[in-house]
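Trainee: Return a 3D structure for these sequence lines:
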Amino acid sequence: ADLLPMIFTNFYPKTSELFKPSDTPDVFLTAHPGREKEYGIEIIEIIADKVPDITFNIYGIDGLSHHNIFYHGELDEWLFNEHIKNYQASLRLNMFDGFSETTAKSILLGQYPITFVNFPHIISYKDMESLVILLNALKHMKEPNPKRQWWRDKLENNLQTLITFD
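Mentor: A predicted model of the protein is given here:
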């Protein structure tokens, strides 16, 4: 089977909303109640002290915010989109996954998404040590992700393919 990455919302950011570099990067991830381990919350809790310049923003679940980890709970999509447009990366720590909307929105914003599953032109990690290295590298990213346009074209083409099959 072929993976056909999709995004079904009309999410094509304006140039003014594209990647903004930061020496203290904000990253975001989403999770669902009762599935925290699957979404990597445990991993964030373990590595947060190793990347003190990174702020982790967790959406979709409630939790006790502390140090550099902030839980935002469930937000309406428009408010979620407002939050994430100023961040530098998304994290998708699921070990088994399709191409998530979180990753799609991040790359379309010109950010530097990090995933466990390997996708074309998306940074992936294999263990906590490599994840820490990649997170620390975010502060050195000064321009929007050059693969943004490749992914925009890919997502648009895949949507047209899906419409053709209907």
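Trainee: Which residues does residue 114 form beta bridges with?
Mentor: residue 91, residue 123 (DSSP bridges).
Trainee: Assess the claim that it and residue 91 are in contact.
Mentor: Yes - the criterion here is Cβ atoms under 8 Å, and residue 114 meets it with residue 91 at 5.4 Å. Any C-beta I mention is one placed from the backbone N, CA and C, and that applies to glycine too.
Trainee: Among these two, which residue is more densely surrounded?
Mentor: Neighbours per residue, other Cβ atoms under 10 Å: of residue 114 and residue 91, the larger number sits with residue 91, 28 against 24.
Trainee: and the more buried one, what is it in contact with?
Mentor: Residue 91 sits next to 27-29, 40, 44, 56, 113-115 when contact means Cβ atoms under 8 Å, 6 or more residues apart in numbering.
Trainee: Looking at these, which one is closest to residue 19?
Mentor: residue 113 (11.1 Å; Cβ to Cβ).
Trainee: separation between that closest one and residue 129?
Mentor: Distance, residue 113 to residue 129, using Cβ to Cβ, to the nearest Å: 19 Å.
Trainee: The two: which is more packed in?
Mentor: residue 113 (29 against 11).
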